[in-house]
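Engineer: Quick one: sequence and predicted model below, then my questions.
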Amino acid sequence: MFAMDFIFYIAIACFIMLFGTLDNNIDFDFFARLVVGKSYFQTGNLFNYDFQSYGTTHQFIDHEWGSSLIFYLVQNYLGDKGLFFLKSAIIFLTIFLITKIIRLEKKDIKLHFLFFFFILQTISYSIFSTIRCQSFSFLFFVLYLYILKKAKTDYRILWTLPVLNIIWANMHGGFVMGLILILLFAFGELLNKKPSRPYFITFFISCFTTLINPYGFKYIYFIFNALSLNRIHITEWQSAFFSPIFEFSFLKFKIFFILALTIFICSVLKNIQLQGIKEFYKNIDKTKYLILIFTIIIALKSSRFHVFFAYMTLSLCYCDFYNIFNKKLPKKTDNIKEILIAILIFISTISHIYDYKFVNTINSKEYPIYCIEFLKINNLKGNLLVNFHFGSYASYKLYPNIFIYMDGRYEEVYDVKLIDKMGEFFLAKNDDLIKKYHTDFIIIDKFYPLYKKLKTSSDWFLGYESEKFALFLDKKFQNKNYINPRLDKNYYNNEKFKTEINWR
């Protein structure tokens, strides 16, 4: 068993390394995280205002400040390779914990790589893409699940959760998922007619330890207020099943979700038919069913929660899937099959990363890098309106000469009406935004109606445009000789983390 487990973990590690190299883009908000980390280590403070914006800002609470410190340290000292291996390590540790949860349910069950491969690749767009703060929440979610499951035989381990909650709450707002998980276990064990008091006590102590943060009670208010915000402008908060824009997206996850849900419903109906409703209810693990139902609901609600459903299914339902799909092969034949799969994954990984550069890229089709470089090399100063997705990168590269309207942290930092005003302006519905906020430069995606409107405007002129983006300047900047940005993509990838933001 030990030898086959070792082979399984080698295959998983190689799989993570391989898939982790297939998407090397950088998250839009990552640069804002670096600024927070750099600010803290250079000044010893967490800024509670956005010094890079000319929009309406307010004092804010940064629920991701702990992640920011880690990202900055890794990027500053280890660069792109460090970020890649940090991402890989988080995913591997998460999968390792999932296998420990599976073994809590059935100690001698075999770990089949293909089961893990099937489920993990359905959420590859989330876990294998650029590292984000929620990566820590995915890890902590599984860690909590492991501790809570293990506590069924040893309640003493529950003391770790209030301590871990301090760390998680200062890393990412997803710590709420951990509190919910504790509560689901508490009610589940109550329904199971087993001791539930330790879980309830752990829940209340964990709620209290949430207050151990730089912001105190204000942090709790912020989190609950953030949960009530309408995020219709943020695609990852929309439903992959009910939003028209995702009609043909997330197909692998949708297939997996529907398959898992179908098996779950069929299993319930079959057991009810065999046992009757009373016996079925008496025999099932209510905790497992509560967690399953909860993750189904949140996965239907938002694509952001797909990973929680996948990890929960892999952790708590692996044995169920194993019994349904596992073919009864001779032990020797089964082991040879797993070894061959591991060898193929290992060879594929080594051959792929042999000359891999481990460089996180700034893609010109996803970032307006040329327009931003135009402003930088021509030493222009003023206020820049750019889509909030790109605000983090723009301010990171252009401050202190140029201030941005807003970035992707809109609910944390800015008046929530700012994004509505931006949407209306980009759709050319009104120009209230530039009437209220003095704007010198506009970078616009060329598919917006505003692009055509600005091209015919007498107040603006087209300074530069690339395949996807256009930069318009206020007419007062006209009649100057401007330098055009270089088109060497390697230059932008090599220079992406250079910034003038410095407090030393």
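Structural biologist: Great, that's in hand.

Engineer: Could you use CA atoms for every contact and neighbour count after this?
Structural biologist: Will do.

Engineer: Pretty sure residue 444 sits in a strand.
Structural biologist: Yes - counting by DSSP: H, G, I helix; E, B strand; the rest coil, residue 444 is found in a strand.

Engineer: Tell me what it is bridged to.
Structural biologist: In this entry, residue 444 is beta-bridged to residue 470, by DSSP bridges.

Engineer: Residue 271 versus that one, what's the distance?
Structural biologist: 57 Å (Cα to Cα, to the nearest Å).

Engineer: Between those two, which has more neighbouring residues?
Structural biologist: With neighbours defined as other Cα atoms under 10 Å, residue 444 and residue 271 compare such that residue 444 has more, 23 against 16.

Engineer: surely that one meets residue 388?
Structural biologist: No - using Cα atoms under 8 Å, residue 444 is not in contact with residue 388, being 10.9 Å away.

Engineer: So which residue is dead centre in the chain?
Structural biologist: residue 134 (4.1 Å; Cα atoms, centre = their mean).

Engineer: residue contacts, it?
Structural biologist: When contacts are counted by Cα atoms under 8 Å, 6 or more residues apart in numbering, residue 134 touches 172, 174.

Engineer: pLDDT value on it, please?
Structural biologist: Residue 134 carries a pLDDT value of 92.

Engineer: Also residue 331?
Structural biologist: We have a pLDDT of 68 for residue 331.

Engineer: Same question for the one 4 residues further on.
Structural biologist: Note on residue 335: pLDDT of 73.

Engineer: Isn't it up against residue 5?
Structural biologist: No - if you go by Cα under 8 Å, residue 335 and residue 5 don't touch, sitting 10.5 Å apart.

Engineer: Please identify which of these two sits among more neighbours.
Structural biologist: residue 335 (18 against 14).

Engineer: Centre of the chain to the one helix or strand that one maps to, how far?
Structural biologist: Using DSSP states H and E, residue 335 sits in helix 331-353. Put simply, helix 331-353 sits 30 Å off its chain's centre (Cα atoms, centre = their mean, to the nearest Å).

Engineer: From the contact counts, what lies against it?
Structural biologist: If you count contacts as 3 or more Cα pairs under 8 Å, 6 or more residues apart in numbering; DSSP states H and E, helix 331-353 packs onto helix 2-20.

Engineer: Helix or strand next in line after the helix it packs on, which one?
Structural biologist: Beyond helix 2-20 on the C-terminal side, the first helix or strand identified by DSSP H and E is helix 30-43.

Engineer: Extract the CA atoms of that following helix and return them as PDB.
Structural biologist: The C-alpha coordinates for helix 30-43 follow below in PDB (Å, rounded to 0.1, in the frame of the first residue of the first chain):
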ATOM      1  CA  PHE A  30      -2.300  40.600  -8.300                       C
ATOM      2  CA  PHE A  31      -0.500  43.900  -8.600                       C
ATOM      3  CA  ALA A  32      -2.700  45.500  -6.000                       C
ATOM      4  CA  ARG A  33      -1.700  42.600  -3.700                       C
ATOM      5  CA  LEU A  34       2.000  43.400  -4.300                       C
ATOM      6  CA  VAL A  35       1.400  47.000  -3.400                       C
ATOM      7  CA  VAL A  36      -0.100  46.100  -0.100                       C
ATOM      8  CA  GLY A  37       2.800  43.700   0.700                       C
ATOM      9  CA  LYS A  38       5.400  46.300  -0.300                       C
ATOM     10  CA  SER A  39       3.700  49.000   1.700                       C
ATOM     11  CA  TYR A  40       3.600  46.900   4.800                       C
ATOM     12  CA  PHE A  41       7.200  45.800   4.700                       C
ATOM     13  CA  GLN A  42       8.500  49.300   3.900                       C
ATOM     14  CA  THR A  43       6.300  51.300   6.200                       C
END
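
Engineer: what does that helix contact?
Structural biologist: Under Cα under 8 Å, 6+ apart, the answer for helix 30-43 is 45-47, 64-65, 67-73, 132, 392-393, 396, 501-504.

Engineer: Give me the angle between the helix or strand following it and helix 2-20.
Structural biologist: Sequence order places helix 65-105 as the next helix or strand after helix 30-43, per DSSP H and E. Angle, helix 65-105 to helix 2-20, by axes from the mean of the first three to the mean of the last three Cα atoms, to 10 degrees: 140 degrees.

Engineer: Show me what helix 65-105 is packed up against.
Structural biologist: helix 2-20, helix 30-43, helix 134-150, helix 306-316, helix 318-325.

Engineer: what's the angle between the third one and helix 65-105?
Structural biologist: On the basis of the same axes, to 10 degrees, helix 134-150 is oriented at 30 degrees to helix 65-105.

Engineer: and residue 461, that's in a helix?
Structural biologist: No - with three-state DSSP as the criterion, residue 461 is assigned strand and is not in a helix.

Engineer: That one: neighbour count?
Structural biologist: Counted with other Cα under 10 Å, the neighbours of residue 461 add up to 19.

Engineer: got it, and residue 6?
Structural biologist: 11.

Engineer: separation between it and residue 271?
Structural biologist: Per Cα to Cα, residue 6 is found 36 Å from residue 271.

Engineer: residue contacts, residue 301?
Structural biologist: 237-240.

Engineer: which of these has the most neighbours?
Structural biologist: residue 240 (25 neighbours).

Engineer: how close does residue 306 sit to residue 191?
Structural biologist: Distance of residue 306 to residue 191, computed by Cα to Cα: 27 Å.

Engineer: Have a look at these two and say which one is more surrounded.
Structural biologist: Higher neighbour count among residue 306 and residue 191: residue 306, with 24 against 16, using other Cα under 10 Å.
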